[in-house]
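[1] sequence unknown, structure follows:
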């Protein structure tokens, strides 16, 4: 699940190397949004600890 931001950043880097500036910026913004959403889910998920 946390591989999605890595892959989208890789896509943004690849698009940037191919001189597709607008697509690279969109992929970068999507990556940032993915990190925020997944971090919020990860931080607020309850731990299922049983001792």
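    Looks like it came in fine. Owing to the predicted nature of the structure, the values given are computational and were not obtained by experimental measurement.
[2] Could you say which helix or strand holds residue 11?
    According to DSSP states H and E, residue 11 maps onto helix 3-17.
[3] Report the buried residues of the helix or strand following that helix.
    Of the helices and strands lying after helix 3-17 in sequence (DSSP H and E), the nearest is helix 21-44. Neighbour-count burial for helix 21-44 flags 24, 27-28, 30-31, 34-35 (criterion: 16 or more other C-beta atoms under 10 Å). For the C-beta atoms, the positions are set from N, CA and C on the backbone; glycine is no exception.
[4] residues near residue 48, how many?
    By the measure other C-beta atoms under 10 Å, the count of residues near residue 48 is 5.
[5] Could you shift the numbering so residue one becomes 331, and keep it that way?
    Sounds good: first residue 331 from here, last item residue 378.
[6] ok, so what distance separates it from residue 344?
    Note on residue 378: its distance to residue 344, by C-beta to C-beta, to the nearest Å, is 38 Å.
[7] ok, and the closest non-adjacent residue to residue 355?
    Once flanking residues are discounted, residue 355 sits nearest to residue 342: 7.8 Å by C-beta to C-beta, 6 or more residues apart in numbering.
[8] any weak-confidence spans in this protein?
    When residues are selected by pLDDT under 70, none of them lie in the chain.
[9] again, only this time at 80
    331-332, 375 (pLDDT under 80).
[10] could I get the buried residues of helix 351-374 as TSV with distance to residue 335?
    TSV is the format used below for the buried residues of helix 351-374 (distance: C-beta to C-beta, whole Å):
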residue	distance to residue 335
354	15
357	11
358	11
360	9
361	5
364	5
365	5
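[11] what's the most distant pair in those?
    Longest distance between any two of those is 16.6 Å, between 354 and 365; criterion C-beta to C-beta.
[12] how many neighbours does residue 340 have?
    When counting by other C-beta under 10 Å, one arrives at 13 neighbours for residue 340.
[13] what about residue 344, neighbour count?
    Per other C-beta under 10 Å, the neighbour tally for residue 344 reads 13.
[14] Alright, that wraps it up for me.
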